[in-house]
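**Student:** any chance you can model this:
(one chain, ligands or ions: 2)
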Amino acid sequence: MAHQHPRAPDMLSVEEAREKILALVPVLEAQETPLLDALGLTLAQDAVAAFDIPPWDNSAMDGYALLHRDIQRVSPEQPVTLKVIGHLAAGQTPRQPVVSGAAIRIMTGAPIPPGADTVVPFEETDELARKASGRSLDHIAILSQTSKGANVRPRGEDAARGSLVLPRATVLRPSELGVLASLGYATVKVIRRPVVAILSTGDELQSPGQPPMAGKIYDSNSYSIAGLVKRYGGVPRLLDIARDNLPSMNAMLAQGLAADMLITSAGVSKGDYDMVKDVLAEHGEIAFWSVRMRPAKPLAFGVLRGNGGRPVPHLGLPGNPVSAMVAFEELGRPALLKMMGRTQLDKPTVEAVLEDAIVNHDGRRVYARAFVTKRGATYYARTTGPQGSNLLTSMARANGLAICPEDVPQLGPGERVQVRMLDWDEEGVY
Ligand code: AMP
Ligand code: MG
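**Tutor:** Numbering: from 1, shown residues only. Ligands and ions are numbered 1, 2, ... in the order given. The predicted structure follows:
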């Protein structure tokens, strides 16, 4: 592709901005956490099996536990009848061994009694016929062959005592919570959730819940960004809106220093940021960047001195609602995930066939809001209409961000496009 646009040398690529941010973001410490609260968090310990799972050989079927050598010659014409010497339900422990000529009626999950080596399911016996004809169940006829060891689930098959079942750094999904529960854990050591202070700034803002005031707009960034923080595992703390004056900014910012991370929006575009710069300079270091992306070119990042001298990363998002969300997805989310001990920081990308056009008129990486559908084996992406960075409803209609690279001036209908998927399980992507 032709390099149509000269690249401003002071602009950072998205990757450069991301590297600079990640280099300054710490991984948080581990915390003993109730198992269910650990969903989505990163394991900060090895989980080793203290015992075998299952703890004993047990039955995979409802049937009869017996000695295989007693049924070696069985056929439908030549059934073998055994004496039923006991019953074993799940949760019971065997009290007597099975000897030649005998069987124990056993339920799924119950321990295999000593002596027995095979379980014959009910279906291969005359149990139903006996019940139907009112005959007693103190004997049972085995009607067909079953191989030795059949329907016996061996001790330690799922996890052997002493084995490493889940290594440190595993991200806990519901299946891992189940595995940890099976190992007997009620609490587990995980990297704790980052508390993220969220601060909207601007004289024009008012919070939802108040009657609309002349000249004001409702603060949407606090909610979209807090929603993203929460979705990805952080704990959002909404601060009151800061006004465009030093005392107000200072007061609000001070509240943010109690958090693990501070995310502000607005006040980072040219002409605007002098005040923010002054305020932040009192609390730490801040850099103002131009990132080669659209939307969300202006960005601030710094590290503040938090309470007790802790480093508190500060991400200053642009004010426009779509810019704020896109910058968070591309640059804030990786930082949040790193704090949570994650190493896989990227959202999934799919290759789709573009159904309309994306225009790139100044050599930035364009993230076009798009809706992806799958028809047959192919993904298709259609942009959600006008792409102004103030048009938040265009974000609400999207399930992905279709990317037009820096050096591509235009992508047209039918061309392949990479789409960063924001949602996989919304209607549209099946
Ligand atoms: P600024 O970065 O202050 O120049 O803001 C850019 C645009 O984003 C302006 O139209 C602001 O009104 C708008 N904006 C800033 N903060 C918010 C917010 N929290 N919610 C909604 N719109 C905002
Ligand atoms: Mg403003």
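**Student:** longest strand in this protein, please.
**Tutor:** In the chain, assigned by DSSP state E, the strand with the most residues is strand 365-375.
**Student:** so stretch 189-204, near ligand 2 or not?
**Tutor:** Yes: against ligand 2, stretch 189-204 shows contacts by Cβ under 5 Å from the ion at Gly202. The C-beta positions use only the backbone N, C-alpha and C, and glycine is treated the same way.
**Student:** buried residues in that stretch?
**Tutor:** In terms of neighbour count (16 or more other Cβ atoms under 10 Å), stretch 189-204 has its buried residues at 189-194, 196-202.
**Student:** could you pull out the helices in the stretch 1-150 of the chain for me?
**Tutor:** Using DSSP state H, counting those that start in this stretch, the helices of the stretch 1-150 of the chain run over 14-24, 127-132.
**Student:** for the stretch 201-350 of the chain, what lies in contact range of ligand 2?
**Tutor:** Gly202, Ala266.
**Student:** where do the helices sit along the stretch 201-350 of the chain?
**Tutor:** Under DSSP H, counting those that start in this stretch, the stretch 201-350 of the chain gives helices at 221-231, 246-256, 273-281, 321-327, 333-339.
**Student:** mean neighbour count, the ones you listed: which tops it?
**Tutor:** Greatest average neighbour count among these goes to helix 321-327 (a mean of 27), per mean count of other Cβ atoms under 10 Å.
**Student:** and the gap between Glu204 and Met213?
**Tutor:** Going from Glu204 to Met213 by Cβ to Cβ, to the nearest Å gives 10 Å.
**Student:** what do you get for Gly40?
**Tutor:** 39 Å.
**Student:** comparing these two, which residue is more hemmed in?
**Tutor:** Gly40 (17 against 10; other Cβ atoms under 10 Å).
**Student:** touching, that one and Lys230? I think so.
**Tutor:** No: look at Gly40 against Lys230 with Cβ atoms under 8 Å: they stay out of range, at 10.8 Å.
**Student:** not counting its neighbours along the chain, what's nearest the closest residue to ligand 1 within the stretch 1-150 of the chain?
**Tutor:** Closest to ligand 1 within the stretch 1-150 of the chain is Ala17: 17.5 Å, counting by Cβ to the nearest ligand atom. Nearest residue to Ala17 in three dimensions, chain neighbours excluded: Val291, at 4.8 Å (Cβ to Cβ, 6 or more residues apart in numbering).
**Student:** per-residue pLDDT of the one you found, please?
**Tutor:** On the pLDDT scale, Val291 is placed at 97.
**Student:** repeat that for the one 5 residues further on.
**Tutor:** As summarised for this prediction, Ala296 has a pLDDT of 94.
**Student:** filter the buried residues of stretch 189-204 down to the ones in strands?
**Tutor:** Lys189, Val190, Ile191, Val196, Ala197, Ile198, Leu199, Ser200.
**Student:** next to ligand 1, which bits of the protein? Give me the list.
**Tutor:** 200, 202, 204-205, 217, 219-222, 265-267, 269, 272, 318-321 (Cβ under 6 Å from any ligand atom).
**Student:** picking that back up, would you turn the helices of the stretch 1-150 of the chain into JSON lines with mean pLDDT and mean neighbour count?
**Tutor:** Shown next, in JSON lines, are the helices of the stretch 1-150 of the chain (pLDDT from 0 to 100; neighbours: other Cβ atoms under 10 Å):
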{"stretch": "helix 14-24", "mean pLDDT": "97", "mean neighbour count": "15"}
{"stretch": "helix 127-132", "mean pLDDT": "96", "mean neighbour count": "13"}
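**Student:** which regions of this structure lie under the pLDDT threshold?
**Tutor:** The model of the chain has pLDDT under 70 over residues 1-9, 425-430.
**Student:** still on that earlier bit, what packs against the longest strand of the chain?
**Tutor:** Packed against strand 365-375 by the contact rule (3 or more Cβ pairs under 8 Å, 6 or more residues apart in numbering; DSSP states H and E) you find strand 293-294, strand 349-354, strand 358-359, strand 378-383, strand 400-404, strand 416-421.
**Student:** for ligand 1, what is the nearest residue in the stretch 251-400 of the chain?
**Tutor:** For the stretch 251-400 of the chain, Cβ to the nearest ligand atom, closest residue to ligand 1: Gly319, 2.5 Å.
**Student:** hang on, isn't that residue packed against Tyr273?
**Tutor:** No: here Gly319 does not reach Tyr273: they are 11.1 Å apart, not a contact under Cβ under 8 Å.
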